[in-house]
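A.B. asks: Give me a model of this one.
(2 chains)
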Amino acid sequence: MNGVILEMKGVDMAFPGVKALDQVDFSLRAGEVHALLGENGAGKSTLIKCLTGVHRMDAGTILLEGKKIHPASPQEAQQLGISTVYQEINLCPNLTVAENIFIGRQPMKRGQIDWKTINQRSRELMARMGVDIDVTLPLTTYSIAVQQMVSIARAVDINARVLILDEPTSSLDEHEVQRLFEVMNDLKAQGLGIIFITHFLNQVFEIADRITVLRNGKLVGEYQVTDINKLELVTHMIGKDMNVIYDLKKAPQKQDAPVVLEARGIGIPGKVEDISLHVKEGELVGFAGLLGSGRTETAEMLFGVEKPQQGSIHMNGEKMEASSPLDAIRRKMAFCPEDRKRDGIVADLSIRENIALAVQALKGFMHPMKPQEQQELAERYIKLLSIQTPDAEKKVGELSGGNQQKVILARWMATQPDLLILDEPTRGIDVGAKAEIQRLMLEMCGQGMGIIFISSELDEIIRCANRIIVMRDLKKAAELDGENSQQADILAIIANEETEEAVK
Amino acid sequence: MKRGLKWETMLRSKLFWAVVAEILILLVGFIIRPDFLNIQLRTLSDGSRVLYGTPVDILNRAAEITIIAMGMTLVIALGGTDISVGALVAVSGAIALKFLRWDVLEYTTPGDYTVKPFFYALAVPLAVCTLMGLFNGSLIAKLKIQPIIATLILMVAGRGIAQIVTNGKQFTTQYSPFKFIGNGSVLGIPFPIIITLVVVLIMILFVRKTSYGMFVEAVGINPNASRVSGLRSGVIIMIAYIITGLLSGVSGLIYASRISSNDSNNAGLGYEMDAILAVVIGGTSMTGGKFTLVGTMVGSIIIRTITTLVLYFGIVSEAIMAFKALIIAGVIVLQSEPVRRAIARRRERRHMNMGGELHA
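C.D. replies: Below is the predicted model of the structure:
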C-alpha cells in the first residue's frame, strides 16, 4: 500500500450558532480513491472547503506529505497540489478547450502567448484521458462529460497530488460515468490521491478503495470498501436502519380506474417521435432510459413546455388545444422539471413565494392570495413534506437540494393536480430525502393522483412503478408491467435493439 | 441576539447605505451653508402660502425622475432597461402644448385660455405615451428584441415625433390649470410632490397588494422556472413597459407645465440615465430580481440632492457634470458589495462572542 499523502486531524469548524465540523479526522493515501460520504449537511463540503482554503478551520491540522500546510485560498491550495473539480463546471464556455486548460498560466514565447505549445499540450493531455477531440473548438461544442474531463485535465496538469471530485457524475450518463472511472483509475495508477464525493452509492462500490462517512459534522467511521455492504453504509450515513425507510409499498392499481392522461402519437420531428401513452388515476408510470433518450422531451411536450407538432394530448378525456405550461396547469397537470436550478426554483424568493407561485399563476396576479393564505399554504407543506427550515421566509436558494426539491413538489401539490410529472426528482439529493420523496409519490398515487416518474436509477423505478415505459433513441422502446420487471430486462431493452420485438 | 441580526441585515442592504449617503450629502450642504436645510412658509403675492427652502425644492424637482423611476424599477427588475423615457417626456409635453398652444401666427393674444378642452391636453399625451410603452413592450416580449435596442428606437424617434407634432415650433401657454401641475401647491406643498407621492403610493399598492410584484421578481430571477410554473412572462413584461411609458407621460406633463412650454430638444434630456441610476442606487440590481420602490425613491432624491447641491454652491457650469459624477461615484462605492460586506463583517466579528446566529 502506498503511503499517506494527506492527513487532516481533529478538524473543528464552527459557523456562528452551528458546529459544522467536530473533531473530524481524514486521511488519503497516494494512489487511492477515497469516497467521502454523508447526507446533505453532514459536513462533506465544509471539510473540503477547509482543505482548499475556502474556510479557515477553528482547530486541527492538515499534513500534506508530512508537512503542515495552512492554505488560505483555493489558489494557494492549488499551488500546494490540491485541485478541485466541482459539480458545476467551473470553466469558460466561450473559450476553447485548450484555452480553458491553460487560462491564467499560458506559456509565453517572446512576450506572446505560445499557442502552438498550448494546443499541442492540451491535445496530449486530453488524449491521455482517452478523449480525442479538437482542442481549438469552444468548450460548449462538447458534452458535459467532455467538459468534465477538461476540468480534470486542467486540475491534474497543475501538478496535482490530491484531486477532489465533488459530485462529478451527477450530470453524466452511464457511458460517460464509465469513461470518467477509467480516467480516475489512470490517475490512481499515476499515484494521485483522489477524494470522491457522490450521492450514488453504486459508484462508490465500483470505484472507491476506502470510504469515510460523516454525519452531522462528526466522523462516523472509515471503512475499506471490501469490508462493508450498501445497507450498512446507508445505515451509517443516516444513523437509521435503511430497511425502515425503504419499506415502501406500491399503490395498488385498479384495472378499471379512469384514464387521466392520454397521448396519441405526439412528437416533434428530429426530437422525439410518435409517443403514445396513457396514465390512469392512481397509477405510477415509470419512464426509464438513458439521458437523452427522449424522456425529458416527452415530459416537456406533455406539459406544453415544447409544443408537439404531431399527435394529440387528452387530459381527463378532453383534448388539449393550445399548449403552454399555463394551459397544462389549468387542466390539472403539474411538472417538476429535471434541472431544478434552471427550471424549478426561483432562488431569491422565499419558500412561501416559491410554494405559492403556481397557484397564484393559476389565479392571475389581479386575484392575489392574502398574505396569511400564502403563509398557511407554505406552513402546511413545510410540515407535510418536513422541509427543514427555520421559517417560510428563508430564501429557497439557501436550502439543500433535497429541500429545494420538496419546495417544488409543494408548489405543485398546492395546485392539487390530477397528473404529476416528475423528471428526475431524486437526482443529487441524499438517501434520506430520496426515500422521503419516493414515499410521498406513492402516497399521492394512493390518493388517486396519476404520476409519471422519470429516473435514471432503475431500482428506483422498479420499486415504485406500476407500469414502466422504456425510452431509447428518442422513441418509445417498450412498455412493461411494473410488478414483474427485473432490472436486467430493462437494461437489455435500453442496451440492445434486437430484444425490442421479443419484449413487446 | 435578535437585535444584532437585524443590524446585520440592515448593514448589508443597499437601501440603508443609500439613506446614509443622502444624510451625508445633506450634512455637507449644511456644514458649508447652515441655511441649506432651512424650510419656511412664505406667503405669495396672491395670498397663498407655500413651503419654501432647499429640502422642499429637492423633493419638488425630484418629481420627474422619481415618477419615471417607479416604472423603470419594474423594467430593471425584469432584467430589462428602457432608454426611451427621456424622449417620451418630450413627446408628452409637445402633445400637451399642441392642445394649449399660443403662438404668434395663429393665436395672437397670450392669455389664460386653451384652444381645445383641457382634458385633451392631459389625456392624449398620456394615451400616446402608454401606446409607446406598449410598442416597447411588444418588441421586447413578443419579438424578443434586447430591451436596450428595442427602446433605442423610440429614444431616437421620440424627439422627432415631438418635433413633427408641433411642426418644430415651441409653443407657450399661460393656461393656469395647466401651469398648476408643475407650479401650484396644495396646503403649502408643491403640487409635483403630491403627484409623486400619489404615484409612488399607487405603484406600491399595485405591486404589493396584487401578485404583480412577486411575478416580476420571479420572472426577473428565473424566467425558465417562472414559465414552467405557469407565469405568462410576456404579459408581465409588457405591463412593466406600458407603466413606464405612462409614467414618462406624467413626468412630461409636469416638465412642460414647469416651463409653460414644449421643448422637444431639451425636455427629459438624460432622464433615462438618471432614472436607471435612481433604481440602482435604491438597491435594485441591474441583473434583475428583487426590487424596492421605496429604495428607488431614495435613489432619485439622492440624485436630485446632488444636482441641487452643485447648483447651490455656484460651481462653474462646465464642472457641474464632473462634480455630480464624483459624488455619485462616492455613493456607489459606499454601496458596493465588498464595502458593505467589510463593514457588516466587522460588526459580525464583534458579535461573534455573543453567539449571534448566522447562516454560513
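A.B. asks: Strands of chain B, start to end?
C.D. replies: B:40-43, B:49-52, B:185-186, B:189-190 (DSSP state E).
A.B. asks: Which of those sits closest to A:V11?
C.D. replies: Nearest to A:V11 among these is strand B:189-190 (63.5 Å), distances taken as CB to CB. Every residue, glycine included, has its C-beta placed from N, CA and C.
A.B. asks: Let me see the contact set for B:Y52.
C.D. replies: Residues near B:Y52 by CB atoms under 8 Å, 6 or more residues apart in numbering or on different chains: B:39-42.
A.B. asks: hmm, back to that, return the most buried member of the strands of chain B.
C.D. replies: Highest mean neighbour count of those: strand B:189-190, a mean of 19 (counted as mean count of other CB atoms under 10 Å in any protein chain shown).
A.B. asks: What strands flank that one, and is each parallel or antiparallel?
C.D. replies: Strand B:189-190 has the following strand partners under DSSP bridges: strand B:185-186 (antiparallel).
A.B. asks: Give me the contacts around the partner strand.
C.D. replies: Contacts for strand B:185-186 (CB under 8 Å, 6+ apart): B:48, B:50-51, B:191, B:194.
A.B. asks: and which of these is nearest A:A30?
C.D. replies: Minimum distance to A:A30 across those is 76.4 Å, recorded for B:I194 (CB to CB).
A.B. asks: how close does that closest one get to B:L253?
C.D. replies: Using CB to CB, to the nearest Å, one gets 14 Å for the distance from B:I194 to B:L253.
A.B. asks: Show me which of the two is the more surrounded one.
C.D. replies: The residue with more neighbours, out of B:I194 and B:L253, is B:L253; 25 against 15, by other CB atoms under 10 Å in any protein chain shown.
A.B. asks: Could you double-check that the more buried one lies in contact with B:L122?
C.D. replies: Yes: B:L253 lies in contact with B:L122 (CB atoms under 8 Å); the separation is 6.7 Å.
A.B. asks: intersection of neighbour lists for those two?
C.D. replies: Common neighbours of B:L253 and B:L122, using CB under 8 Å, 6+ apart, are B:A96.
A.B. asks: Export the contacts of B:Y52 to JSON lines and append columns for pLDDT and distance to chain A.
C.D. replies: JSON lines is the format used below for the contacts of B:Y52 (pLDDT from 0 to 100; distance: CB to the nearest CB, whole Å):
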{"residue": "B:I39", "pLDDT": "85", "distance to chain A": "38"}
{"residue": "B:Q40", "pLDDT": "83", "distance to chain A": "43"}
{"residue": "B:L41", "pLDDT": "84", "distance to chain A": "41"}
{"residue": "B:R42", "pLDDT": "83", "distance to chain A": "45"}
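A.B. asks: For the residues you listed, give me a markdown table that also has distance to B:K209.
C.D. replies: As requested, those are exported to a markdown table (distance: CB to CB, whole Å):
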| residue | distance to B:K209 |
| --- | --- |
| B:I39 | 33 |
| B:Q40 | 38 |
| B:L41 | 35 |
| B:R42 | 38 |
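A.B. asks: Restrict stretch A:275-282 to CA atoms and write it as PDB.
C.D. replies: Provided in PDB are the C-alpha atoms of stretch A:275-282 (Å, rounded to 0.1, in the frame of the first residue of the first chain):
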ATOM      1  CA  ILE A 275     -45.000   8.700 -28.500                       C
ATOM      2  CA  SER A 276     -48.300   7.200 -27.300                       C
ATOM      3  CA  LEU A 277     -49.000   6.600 -23.700                       C
ATOM      4  CA  HIS A 278     -51.700   6.800 -21.000                       C
ATOM      5  CA  VAL A 279     -51.800   7.200 -17.300                       C
ATOM      6  CA  LYS A 280     -54.700   6.000 -15.200                       C
ATOM      7  CA  GLU A 281     -55.900   7.500 -11.900                       C
ATOM      8  CA  GLY A 282     -53.800   6.400  -9.000                       C
END
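A.B. asks: which bits of the stretch 401-504 of chain A sit near chain B?
C.D. replies: Selection of the stretch 401-504 of chain A residues close to chain B by CB under 8 Å from any CB of the partner chain yields A:R411.
A.B. asks: Next: the stretch 201-350 of chain A.
C.D. replies: Contact residues, the stretch 201-350 of chain A versus chain B (CB under 8 Å from any CB): A:303, A:305, A:324-326, A:329, A:335, A:337, A:342-349.
A.B. asks: can we see that at 10 Å?
C.D. replies: Proximity of the stretch 201-350 of chain A to chain B (CB under 10 Å from any CB of the partner chain) is limited to residues A:300, A:303-305, A:324-330, A:334-337, A:339-350.
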